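J.: mind folding the following:
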Amino acid sequence: MAMVCHPVSSLTVSLGLLLGLLSSPLTPVKAQFSAPSQDTPLHSQRRAVQFSPPDRGAPDSAEGGATRRSDCIHVVPLMPTDDDQTYFGLTYQEHPSFYWYIASAKAGLETAEIIIERDNNTGDIEEVHRVSVALPPNLNEQEHILRFSPSANESGLEVGETYRWYLEIQCNPQNIQDPTSLAIYDGWIERVEPDPELAARLEHRDDAQEAAYLYGSAGIWFDYFEEMVNSLDAWPQVLRDLDLIAADTQIEIASPGNGSQASRESPEIQFFSLNRDRSSDERSSDEPPSDRDDLPDLDDAGELRF
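T.: Just a heads-up that it's a prediction; the model follows:
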């Protein structure tokens, strides 16, 4: 991939979920939402293409919330967040893709759901999309990337509308209907209309790198990230840039293929497993994934800056 150097700035991304530092009792937690800070744009010393946050954020009047973390699984949504754990990003796409990094999980987890909802500003919640996810049987043995790509045949996002997404993982396989044992991650996405000049430049872009630069400069996270991971070969460097793996860690990203259980049940869902080079890994093979010493270091606030 050709390297294109552009000025960069910085964004705080919380990785407390990654190490399970913020696990809580399995009781509902009401989340408070506010717009992400705009004085901390995205930054990576190694990133080839900049991302500049937009001048807007998640609805600061949003009420309720169901964010609930559990030590049964550690997930990092691959999108910007503010210090209050509010995930938010923009898209030009009617059917954008969503990505989550699954750092570790306990054995036996089987099911999850992805839900997208829209608040019609009258107090009513409209469910736009719901898909069941069959978790890979080796989720406790390897890190994974989960990609959700809504079908073009399904209802898409409308321009000017803000939507809320949820990833809900059932931590109690013996009672999959138990709502109190769900690990829940949520965030926001807004579809906006491209600026005509930018749309023209995108139409005549030379490659994915140029498209990523254009999307990143405009603060369109979902489209920017999709261009950054446009091939399996691009993932290792992207994960290094995000400090999700160490700079000297060698990994291969395995394609899910059409025969995976998740792909058979829903072509919208794909899991990519991370195969690490363990030749220099000194940890015992019987240590749980959450005790790995190769995960990123967090600062005193439980956050990692990139």
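
J.: which of the three states applies to Thr180?
T.: helix (DSSP: H, G, I helix; E, B strand; the rest coil).

J.: in which helix or strand would I find the residue lying closest to Asp178 once chain neighbours are set aside?
T.: The shortest distance from Asp178 to any non-neighbouring residue, by Cβ to Cβ, 6 or more residues apart in numbering, is to Asn172 (5.2 Å). Backbone N, C-alpha and C define where each C-beta goes, glycine included. Asn172 is part of no helix or strand, with elements assigned from DSSP states H and E.

J.: check Asp186 too.
T.: Secondary-structure assignment from DSSP H and E places Asp186 in strand 182-191.

J.: ditto for Val238
T.: helix 235-241.

J.: avg pLDDT for that helix?
T.: For helix 235-241, the mean per-residue pLDDT is 89.

J.: hmm, who's touching the helix or strand that it is followed by?
T.: Counting by DSSP H and E, the next helix or strand C-terminal to helix 235-241 is strand 251-254. Residues outside strand 251-254 that contact it (Cβ atoms under 8 Å, 6 or more residues apart in numbering): 145, 232-233, 235-236, 239, 245, 272-277.

J.: still on that earlier bit, I'd like to know which elements the strand holding Asp186 is packed against.
T.: strand 73-77, strand 87-91, strand 162-170 (3 or more Cβ pairs under 8 Å, 6 or more residues apart in numbering; DSSP states H and E).

J.: what angle separates the last one from strand 73-77?
T.: Pointing back at strand 162-170 there. Going by axes from the mean of the first three to the mean of the last three Cα atoms, to 10 degrees, strand 162-170 is angled at 160 degrees with respect to strand 73-77.

J.: now do strand 162-170 against strand 87-91, angle only.
T.: 130 degrees.

J.: sheet partners, orientation included, of strand 162-170?
T.: Sheet partners assigned to strand 162-170 using DSSP bridges are listed as strand 111-119 (antiparallel), strand 182-191 (antiparallel).

J.: closest to Ile176 out of the helices and strands packed on strand 182-191?
T.: strand 162-170 (5.0 Å; Cβ to Cβ).

J.: contacts for the closest one, please.
T.: Contact partners of strand 162-170, identified using Cβ under 8 Å, 6+ apart, comprise 58-59, 62, 66, 70, 72-73, 75, 77, 98, 100, 109-119, 128, 135, 146, 157, 176, 178, 181-191.

J.: just the buried subset of those residues, written out for PyMOL, thanks.
T.: Only the buried entries of the contacts of strand 162-170 go into this PyMOL selection, using 16 or more other Cβ atoms under 10 Å:
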select buried, resi 58+59+62+66+70+72+73+75+77+98+100+109+112+114+115+116+118+119+128+135+146+157+181+182+183+184+185+186+187+188+189+190+191
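
J.: can you put the contacts of strand 251-254 in CSV and add distance to Leu139?
T.: Formatted as CSV, the contacts of strand 251-254 follow (distance: Cβ to Cβ, whole Å):
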residue, distance to Leu139
Ile145, 12
Leu232, 19
Asp233, 24
Trp235, 18
Pro236, 20
Leu239, 17
Ile245, 18
Phe272, 12
Ser273, 9
Leu274, 12
Asn275, 14
Arg276, 15
Asp277, 20
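
J.: most neighbours among those, which one?
T.: When neighbours are taken as other Cβ atoms under 10 Å, the top entry among the contacts of strand 251-254 is Ile245 (24 neighbours).

J.: low-confidence ranges, the protein, go.
T.: Applying pLDDT under 70 to the chain flags residues 1-49, 55-57, 59-67, 82-85, 257-266, 278-306.
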